[in-house]
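**Q** Sequence and predicted structure, then a few things I'm wondering about:
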Amino acid sequence: MNARTHIPGGPLDPVTLDLLLTLAATLADADTPQPEALHQHSSALCAHLLVHYGDSAPESQRLALSPWQARRAKQLMLEQLGGSPSIADIASACSLSRSHFSRAFKKTTGQSPRDWLQQARLERAKALLADKALSIAQVGLDCGFADQSHFTRVFTRATGTTPFAWRRALPRQALTN
């Protein structure tokens, strides 16, 4: 492939050429299969092509995440539920800038990445509260809250009840020893 390669409508832009050459080099390296690298390079190429040549898509659709981007973003946040996932790293994994990712994520899910993550943490906490062997402080830490006070404050604001009262209200058979 050379710099004079053409696509319909004009010459191949330098970024597309670079992305194609990178993808081709990864594919040519048959000695060591690298599925993650192939996924990353092909995703970057697709994202670039959609952003720069996807004018046929309506404006409202271009602002939302594609299905694969939404799945990937949620998967990465869920994998790091107990920690502090970097929105910039998640955006990068979706081949988007941080600001574009945040806007597109909100358009797709109806929630900002931060709010979606907090909701996922609260759902996980509700499930963990059924295990009486775990202290409320441990549940909060396992779900990514700074400490028991922070967990209790956020949980109470979201549910209208404290984690202790939530646990106490669970049916007896739902609680594990």
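**A** Alright, I've got the coordinates. Residues are numbered from 1 along each chain as shown.

**Q** Pull the distance from the helix or strand containing residue 20 to the chain's centre.
**A** Residue 20 is part of helix 14-28 when elements are defined by DSSP states H and E. Centroid separation for helix 14-28 versus its chain: 25 Å, with C-alpha atoms, centre = their mean, to the nearest Å.

**Q** Ok, stretch 64-74 next?
**A** Its chain's average C-alpha position is 7 Å from that of stretch 64-74, according to C-alpha atoms, centre = their mean.

**Q** Restricting the selection to alpha carbons, write that stretch to PDB.
**A** The C-alpha coordinates for stretch 64-74 follow below in PDB (Å, rounded to 0.1, in the frame of the first residue of the first chain):
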ATOM      1  CA  ALA A  64     -24.000   8.000  20.900                       C
ATOM      2  CA  LEU A  65     -21.700   5.100  21.600                       C
ATOM      3  CA  SER A  66     -21.800   2.200  19.200                       C
ATOM      4  CA  PRO A  67     -23.000  -1.100  20.700                       C
ATOM      5  CA  TRP A  68     -19.400  -2.400  21.000                       C
ATOM      6  CA  GLN A  69     -18.300   0.800  22.700                       C
ATOM      7  CA  ALA A  70     -21.100   0.700  25.200                       C
ATOM      8  CA  ARG A  71     -20.400  -2.900  26.000                       C
ATOM      9  CA  ARG A  72     -16.700  -2.300  26.300                       C
ATOM     10  CA  ALA A  73     -17.100   0.700  28.600                       C
ATOM     11  CA  LYS A  74     -19.500  -1.000  30.900                       C
END
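
**Q** hang on, residue 65 is in a helix, isn't it?
**A** No - counting by DSSP: H, G, I helix; E, B strand; the rest coil, residue 65 falls outside a helix, being coil.

**Q** Could you give the backbone dihedrals for residue 135?
**A** phi -70, psi 160 (degrees, to the nearest 10).

**Q** now swap in residue 97 and tell me
**A** According to degrees, to the nearest 10, residue 97 has phi -70, psi 160.

**Q** and the residue nearest to the spatial centre of the chain, what helix or strand is that in?
**A** Nearest to the mean C-alpha position of the chain, counting by C-alpha atoms, centre = their mean, stands residue 73 at 1.6 Å. Residue 73 is part of helix 67-79 when elements are defined by DSSP H and E.
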